[in-house]
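*Asks:* I would like to see how this sequence folds:
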Amino acid sequence: MRGRPPRGMLERRRQVRARVRIVDNPQARSAPGGSVTSKQVADVTLPRSELERIWNVEYLERLARTYWLFLTRVSLGLLRVVYTPDSREIVLLRRPFRLISFRSPEYDVEADRGTVTWPIERGILVSRRGRGKGYLRISVERHSDEPGDDVMLRVSAEVANFYPTIAASWLPGVLGRFGSWLYRVTQLRIHVIVTNAFLRSLAELRLAPSVVGALRAPAELSA
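*Replies:* Next up is the predicted model:
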């Protein structure tokens with residue numbers, strides 16, 4: 001067993017640890033054409049000094065990597081993320097069980113806001129009519145600075161214009177309603193639980209290094 005860390009290190013961990021508050025209830029809505037949008041939001045309060053350290057484009061990429069890593073861990077390794085030069089694929093154990101694939105991420109960075117968006121491509125969980133539509137997006141918005149040692153971030157995870165295979169909302173009558181109900185009580189409920197758990201995990205302020213490193217500082221890339 002490893003020895004206990006020094007008291008100073010323990011104190012630093014207590015000071016750096018953030019506070020996470022899930023905002024309102026999970027938001028989900030369906031469109032007449034069968035697409036679904038779901039968004040979960042959390043306010044993250046952390047020390048100002050820690051925010052200044054991580055408020056850069058590299059850490060936006062690391063936040064994205066942390067999301068995929070959390071998905072693998074919470075599924076006990078059943079779900080894996082496969083990286084290719086132009087896609088991200090969520091697979092069940094291994095290919096060819098590709099649940100959903102995304103095109104390569106798109107980053108948008110402003111002074112007080114950053115987003116990473118993965119356009120949805122296809123997969124077992126995506127209906128035929130939903131291929132090439134919709135997206136998964138993680139957003140981080142910095143609240144207006146207020147006096148004090150702590151600052152607040154609003155972090156959201158959103159799946160928009162998603163056409164789930166299981167919903168089959170395009171079917172007529174009872175079959176369509178049953179498919180929509182089945183999606184809400186299974187796939188959507190699991191997604192909400194996992195996403196909220198990911199948002200709560202941000203209290204640890206441990207952002208995994210990126211696999212691709214597209215936004216990493218040049219000095220680190222040459223190291």
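
*Asks:* Tell me which residues touch the residue most central in space within the chain, please.
*Replies:* With distances taken as CA atoms, centre = their mean, the residue of the chain nearest its centroid is residue 67 (4.7 Å). Neighbouring residues of residue 67 by CB atoms under 8 Å, 6 or more residues apart in numbering: 138, 157, 198. For glycine as for every other residue, the C-beta is placed from the backbone atoms N, C-alpha and C.

*Asks:* Then residue 43?
*Replies:* Taking CB under 8 Å, 6+ apart, we find residue 43 in contact with 20, 21, 23, 152, 153, 154, 155.

*Asks:* The fourth one contacts residue 47, correct?
*Replies:* I take that to be residue 152. No - judged on CB atoms under 8 Å, residue 152 makes no contact with residue 47 at a distance of 11.3 Å.

*Asks:* What ranges does this protein have for its strands?
*Replies:* 19-22, 27-30, 36-47, 79-84, 87-92, 98-103, 106-109, 113-122, 135-142, 150-162 (DSSP state E).

*Asks:* Give me the buried positions along the fifth one.
*Replies:* So the one you mean is strand 87-92. 87, 88, 89, 90, 91 (16 or more other CB atoms under 10 Å).

*Asks:* residue ranges with poor pLDDT in the chain?
*Replies:* Counting by pLDDT under 70, the ranges of the chain that qualify are 1-16, 25-26, 144-146, 168-176, 211-223.

*Asks:* Longest helix of it, counting residues only.
*Replies:* Counting residues, the longest helix found in the chain (DSSP state H) is helix 57-74.

*Asks:* Can you give the distance from that helix to the centre of its chain?
*Replies:* Here the centre of helix 57-74 is set off from its chain's centre by 7 Å, with CA atoms, centre = their mean, to the nearest Å.

*Asks:* Tell me, how many residues neighbour residue 46?
*Replies:* If you count neighbours by other CB atoms under 10 Å, residue 46 ends up with 21.

*Asks:* An error on my part: the question was meant for residue 19.
*Replies:* Around residue 19 there are 12 other residues, counting by other CB under 10 Å.

*Asks:* Show me the beta-bridge partners of the residue nearest to it when sequence neighbours are not counted.
*Replies:* Closest residue to residue 19 apart from its sequence neighbours, by CB to CB, 6 or more residues apart in numbering: residue 45 at 4.5 Å. Residue 45 has these beta-bridge partners by DSSP bridges: residue 19, residue 152.

*Asks:* May I have the residues that are in contact with residue 45?
*Replies:* Here residue 45 is in contact with 18, 19, 20, 21, 150, 151, 152, 153 (criterion: CB under 8 Å, 6+ apart).

*Asks:* how about 7 Å then?
*Replies:* Contacts for residue 45 were tallied using CB atoms under 7 Å, 6 or more residues apart in numbering; they are 18, 19, 150, 152.

*Asks:* do the same with residue 162
*Replies:* By CB under 7 Å, 6+ apart, the neighbours of residue 162 are 35, 36, 120, 130, 134.

*Asks:* again, 8 Å this time
*Replies:* 35, 36, 37, 38, 120, 126, 130, 133, 134.

*Asks:* Can you report how many residues lie near the closest residue in space to residue 133 that isn't next to it in sequence?
*Replies:* Leaving aside its chain neighbours, residue 133 sits nearest to residue 161 (5.4 Å; criterion: CB to CB, 6+ apart). As a burial measure, residue 161 scores 14 neighbours (other CB under 10 Å).

*Asks:* From residue 33, how far out is residue 161?
*Replies:* 9 Å (CB to CB, to the nearest Å).

*Asks:* Alright, calling it a day.
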